[in-house]
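[1] Give me the fold of what follows.
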Amino acid sequence: MRILVVDDEKLLVKGLKFNLESEGWEVEAAYDGAEGVELARAGRFDIILLDLMMPKLDGLEACMRIREFSNVPIIMLTAKSEDMDKIIGFEYGADDYVTKPFNILELKARIRALFRRSTPEDSREGKLLTSGHITLDTERRMAEKDGEPVELTGREYELIELLMRNPGRIYSRENLLNIIWGYEYQGDIRTVDVHIHRLRDKLEITPAEPECIMTKWGVGYYFKKQ
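    Predicted coordinates for the structure are as follows:
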């Protein structure tokens, strides 16, 4: 999936790029509305994240101009939460609306849902992630172990999907907290260890001797493709 992020808050864009690229998605960025329109015109994107308040060209005007040449799904990002602002955004061509500050997991879920709705069923790729005895249905967010359904919490699912989509890539606890729980999470870093332990109990054949959800001592965790 190729995503265009258009927002003048450079720190926010940096965080979005980190989190979205960790999903294996390709991300380009623009920092004002006019630049965003030109990038949208020049490239092929599957989703556009478009801030409402920007210099040169605000999000509403940029959305309207993009609609003149493209039907790409657009999610508006805004600090405003009034219903009238949302209605105006939809009238200008937006497909969805997320109010800042937002939970990164909610944003990812909205991106996936909007992508599914805008993509024909027969053109979707990667609906199933399979490695050894573990299978994920990424559309229904469900897991199986040797063909048997396994009940996962939302965080557990996000964590195993991230690891399976990036086999061999080692994630530190801090990286996993930022990606799965979000930058604003203030809890104990050991919550990552707890979730890894639960995933092993639920998905590994022998949890005490994991074959897939691996530890790189002193560094972090990774998924070993079978």
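
[2] Specify the beta-bridge partners of residue 213.
    residue 223 (DSSP bridges).

[3] For this protein, which segments count as helices?
    10-21, 33-42, 59-67, 83-91, 104-118, 154-165, 173-176, 191-203 (DSSP state H).

[4] Quick check: the gap between the closest residue in space to residue 224 that isn't next to it in sequence and residue 141.
    Closest residue to residue 224 apart from its sequence neighbours, by CB to CB, 6 or more residues apart in numbering: residue 214 at 4.9 Å. C-beta here means a position set from N, CA and C on the backbone, and glycine is covered the same way. To residue 141, residue 214 is 23 Å away according to CB to CB, to the nearest Å.

[5] Listing request: residues of the chain with sub-threshold pLDDT.
    80-86, 119-126, 182-187 (pLDDT under 70).

[6] how about a cut-off of 80?
    Applying pLDDT under 80 to the chain flags residues 79-92, 116-127, 139-140, 181-189.

[7] At the geometric centre of it, which residue sits there?
    Residue closest to the average C-alpha location in the chain (CA atoms, centre = their mean): residue 108, at 3.3 Å.

[8] Now do the same contact list for the residue lying closest to it once chain neighbours are set aside.
    In space, and not counting its chain neighbours, residue 108 is closest to residue 23: 6.8 Å by CB to CB, 6+ apart. By CB atoms under 8 Å, 6 or more residues apart in numbering, the contact list for residue 23 reads 108, 162, 165.

[9] Do I have it right that residue 1 meets residue 21?
    No - with contact defined as CB atoms under 8 Å, residue 1 does not count as touching residue 21 (10.7 Å).

[10] Count the neighbours of the closest residue in space to residue 51 that isn't next to it in sequence for me.
    In space, and not counting its chain neighbours, residue 51 is closest to residue 7: 3.9 Å by CB to CB, 6+ apart. Each residue near residue 7 was counted by other CB atoms under 10 Å, and the total is 24.

[11] domain parsing for the chain?
    Taking automatic domain parsing as the domain assignment, the ranges for the chain are 2-121, 128-223.
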